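S.K.: whatever this is, show me its structure:
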Amino acid sequence: MIIMKKTIYRNDFIEAMEDDFSEEGKSALYDYFTEYEQSTGVEIELDRIIIRTEYTEYADFEEFQAEYTDVKSIEELQENFTYIPFEGGFIIQNQ
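M.R.: Sure thing, here's the model as predicted:
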C-alpha cells in the first residue's frame, strides 16, 4: 500500500477548519500542532471532525467555567487541560 502525505501550511489549515474556530483560534491550533510534531516527531493527520470534537474554544474563563463548574481558577485549568491561549481567548482539549 502506498501512503501519500501532504504538507499542510497555515493557510491550508485555516481554510480546512472552516468556521469551527475563530481565525485567531485556528492559527493558535496550527502553531500547537506544528510544535507538537516538531517536539515529538509524531505526525498529526488533519482530520477536521476529530479536531472540532476534541478541542473547544472559549472567549474567557467565565465561559469555560459555565461548562466546567468544578474548575475554580485559570491556574487549575492550565494544570488539568491542554491549554492553548491566544489573543481573544483560548482552546482546550476536551476531557
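
S.K.: C-alpha from now on. contacts and neighbour counts both.
M.R.: Noted.

S.K.: in contact with the residue nearest to the spatial centre of the chain, which residues?
M.R.: Centroid-nearest residue in the chain: Leu29, 4.1 Å away (criterion: CA atoms, centre = their mean). Counting by CA atoms under 8 Å, 6 or more residues apart in numbering, Leu29 makes contact with Ile84, Ile91.

S.K.: how much space between it and Tyr9?
M.R.: 12 Å (CA to CA, to the nearest Å).

S.K.: so for stretch 49-60, what gets flagged as buried?
M.R.: Arg52, Tyr55, Thr56, Glu57, Tyr58 (16 or more other CA atoms under 10 Å).

S.K.: skipping its backbone neighbours, what lies nearest the first one in space?
M.R.: What it means is Arg52. Ranked by CA to CA, 6 or more residues apart in numbering and with sequence neighbours excluded, the top spatial neighbour of Arg52 is Asp20, at 6.4 Å.

S.K.: what residues are up against Tyr55?
M.R.: Applying CA under 8 Å, 6+ apart to Tyr55 gives the contacts Ile91, Ile92, Gln93, Asn94.

S.K.: just the buried members of those residues?
M.R.: Among those, those scoring as buried are Ile91, Ile92 (criterion: 16+ other CA under 10 Å).

S.K.: which one of the contacts of Tyr55 is nearest to Leu77?
M.R.: Nearest to Leu77 among these: Ile92, at 8.9 Å, using CA to CA.

S.K.: my read is the closest one is in a helix, agree?
M.R.: No. Judged by DSSP: H, G, I helix; E, B strand; the rest coil, Ile92 forms no part of a helix; its state is strand.
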